[in-house]
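[1] Return a 3D structure for these sequence lines:
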Amino acid sequence: MAGNCATSNSQYDRLKELKEFDESKMGVKGLSDSGIIPIPRFFIHPPETLPCKNLNSSTNTNSSIPLLDLANLNSPTHRPKIIQQIKEAASKWGFFQVINHGIPLAILDETIRSITAFHEQPHEIKAKHYRRQEHHGVMYTSNNDLYRSKAACWHDSLQVYMAPEELKVEEDIPDICRKEIIAWDFHASKVAEALFELLAEGLGLEAGKFKELGFMKARLFLGHCYPYCPQPDLTVGIKSHTDAGLTVLLQNQVGGLQVKHGSEWVDVKPLPGALTVNIGDFIQIISNGEYQSVEHRVLANSSKEPRISVLIFNNVGGWKESDEFGPFPELLSAEKAALYRGFTVPEFLQSFYSKGLDGKNIVERVTLH
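    Residues are numbered from 1 along each chain as shown. I've put the predicted structure just below:
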């Protein structure tokens, strides 16, 4: 096990190594299973970006993100309290966990089991699904931004577009997890719709405001696998970044997810039966900064058991290229000016896909100074 974050400065053909890895279709799981050490050089991150050496990257082990109980969500007595709680969580943290969300525990367990089973399949079976087509259909790959980022991260992903309908290809979902992915999408969508309503009411808007904007029309499923890494101090599972819309995440009991809160990083501890939810850049902008999109990352996995996480990204769909989005007009007044200019979805997407994962690029771009 390497004991520091230093890397060799010797020259090597990085693009050639990237292509060899990509064309092998073995993924990070294949590297991990092979017992490889040292890890390939293109996975090694600069010392200043690694948690183990960055002096400005302290971890607060005594803090935790808010936990919200969604029981009695539609009760006239409880709903106002839940609205206030989600407003505070989205404003101060941008991340929170929810329990009593309505998804049966059996569905959660089967979802994790099926995605684990997919990633545990022999290389030659998974390789049939390995490709790079980020904007439609079904894709199994390692590092969506492999050729755009400065350093690769230690994870593999199964990606499935669940909506809009024209991008949905259910028959192409691998047999080993098709039923479970469809069930997870159905249940997680209901949770997302309920959360969007609470977030809208927290802003003083009609409950259906986010849905009217198109936030239930585009959904992307991701099933990440973070296998054991023999040198976890040299790389990361996923580097620090923000999301786009509203993310609903289910994780197994192997930790690693961290959220930036102020100047510190806070562990998101796995809680059986809970879902983790976070606000994305789009929501920060249209809420005029009332809700916060925060950076988060996943550490490289030092556990022999793989970390498995399952996500649904709920983004805006049904838009035209000329449609412009900005802060909700209802939130603006003489006393509360717009913090952000308008933007189009193509501009928003370009900021996400033109380079590797990073911080709040689109928020910084549209902020009015």
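[2] what's the pLDDT at the closest residue in space to Arg79 that isn't next to it in sequence?
    Leaving out its chain neighbours, the residue that sits closest to Arg79 by Cβ to Cβ, 6 or more residues apart in numbering is Leu73, at 6.4 Å. Heads up, the C-betas are built off the backbone N, CA and C, glycines and all. Looking at Leu73, its pLDDT is 95.
[3] Next: the one 10 residues further on.
    The pLDDT attached to Ile83 in the predicted structure is 98.
[4] What about it, how many residues nearby?
    The number of residues packed around Ile83, counting by other Cβ atoms under 10 Å, is 19.
[5] what sits against it?
    Applying Cβ atoms under 8 Å, 6 or more residues apart in numbering to Ile83 gives the contacts Leu198, Glu201, Gly202.
[6] you'd agree the residue nearest to Arg79 is in a helix?
    No. Using DSSP: H, G, I helix; E, B strand; the rest coil, the secondary structure at Leu73 is coil, not a helix.
[7] wouldn't it be in contact with Ala194 here?
    Yes. Checked against Cβ atoms under 8 Å, the pair Leu73 and Ala194 is within contact range at 6.4 Å.
[8] my guess is Arg79 contacts Leu70, does it?
    No. If you go by Cβ under 8 Å, Arg79 and Leu70 don't touch, sitting 10.0 Å apart.
[9] Compare neighbour counts for those two and give me the winner.
    Leu70 (20 against 15).
[10] Not including adjacent chain positions, what is the nearest residue to Trp184?
    Thr111 (4.5 Å).
[11] element containing the one you found, please.
    Assignment of secondary structure by DSSP states H and E places Thr111 within helix 105-120.
[12] Need the contacts of Ile83 in a markdown table (columns: distance to Gln159).
    Below are the contacts of Ile83 laid out as a markdown table (distance: Cβ to Cβ, whole Å):
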| residue | distance to Gln159 |
| --- | --- |
| Leu198 | 28 |
| Glu201 | 32 |
| Gly202 | 31 |
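[13] Narrow the residues you listed to those in helices?
    Judged by DSSP state H, these include Leu198, Glu201, Gly202 as members of helices.
[14] show me the residues around the first one that make contact.
    Contact partners of Leu198, counting by Cβ under 8 Å, 6+ apart, are Leu73, Ile82, Ile83, Ile86.
[15] Just the ones in helices from those, please.
    Ile82, Ile83, Ile86.
[16] Tell me how far the residue nearest to Trp184 lies from His224.
    Distance from Thr111 to His224, counting by Cβ to Cβ, to the nearest Å: 13 Å.
[17] Now the common contact residues for these two.
    Val310.
[18] I'd like the mean pLDDT over whatever helix or strand Ser189 lives in, please.
    According to DSSP H and E, Ser189 maps onto helix 178-202. For helix 178-202, mean pLDDT rounds to 98.
[19] Pairing partners for the helix or strand where Ser157 lies, with directions?
    Following DSSP H and E, one finds Ser157 within strand 156-163. Here strand 156-163 is paired, per DSSP bridges, with strand 138-141 (antiparallel), strand 218-226 (antiparallel).
[20] Can you tell me which of the ones you listed is most buried?
    strand 218-226 (a mean of 23; mean count of other Cβ atoms under 10 Å).
[21] okay, the angle between the helix or strand just after it and strand 218-226?
    Once the chain leaves strand 218-226, the next helix or strand it forms, by DSSP H and E, is strand 236-241. Interaxial angle of strand 236-241 relative to strand 218-226 (axes from the mean of the first three to the mean of the last three Cα atoms, to 10 degrees): 140 degrees.
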